[in-house]
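**Student:** sequence and predicted model, in that order:
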Amino acid sequence: LWSLKTLKEQSKVIPKIFIMAHQSSVIALAEAPFRGVPTAIISVASDGSLSVWDSSDGMCLEDQKDLFQCSPTPGCICLLPDKRYIAVGGHSMEVEIVDLFTMKVTSVLKNHDDWVCSLYAGTLSTDTRSNSPILLSMSVRGLLRFWSLNKDEELPMQTIILFADNN
């Protein structure tokens, strides 16, 4: 982790914390509250492990090996609007939803045409009483899926193809 310090009109980036736990390359990071820690860093590595770090001191709060069902490797993560779950995509055609309280995969979203390279979560409404949480997932071939995160809705709400497939 790095800290940006501004001293006398000079900006410096200096190391804040050096964290180690993964046995392979870290692929993606996200920020989330975790078990009473207001700002934790979630890291996912190429071997499928997930670690949670306290951003104030670098202490490893959780380290899970072989958590994901997707294979061969995760590639992107995203905190969902309720701040309890993260979505994990990667070199598979699935998105896995992980409960940060139990550190277990609770559901798997399928129907992509290639591996998932990008995730974004948000809501459909600015009215907090009627927010409809959604997840957007993009495959490397340009297939963008809009998923409802409401309970009992497993199918994508909308599919948009952003790039023509020449094959």
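**Tutor:** Okay, I see it.
**Student:** find the nearest non-adjacent residue to P74, please.
**Tutor:** Nearest residue to P74, sequence neighbours excluded (C-beta to C-beta, 6 or more residues apart in numbering): G90, at 3.8 Å. (Glycine included, C-beta is placed from N, CA and C.)
**Student:** pretty sure the one you found is touching A45, no?
**Tutor:** No: taking C-beta atoms under 8 Å as the contact criterion, G90 and A45 are not neighbours in contact, 10.9 Å apart.
**Student:** what segments of the chain are strands?
**Tutor:** Taking DSSP state E as the test, the strands found in the chain are 2-7, 10-15, 26-34, 37-45, 50-54, 60-64, 74-79, 85-90, 95-99, 104-109, 116-123, 133-139, 143-148, 156-161.
**Student:** ok, N111 to A30 distance?
**Tutor:** With distances defined as C-beta to C-beta, to the nearest Å, the gap from N111 to A30 amounts to 23 Å.
**Student:** which helix or strand in this structure has the lowest average pLDDT?
**Tutor:** Using mean pLDDT, DSSP states H and E, strand 2-7 stands out as the lowest-scoring helix or strand of the chain, at a mean of 56.
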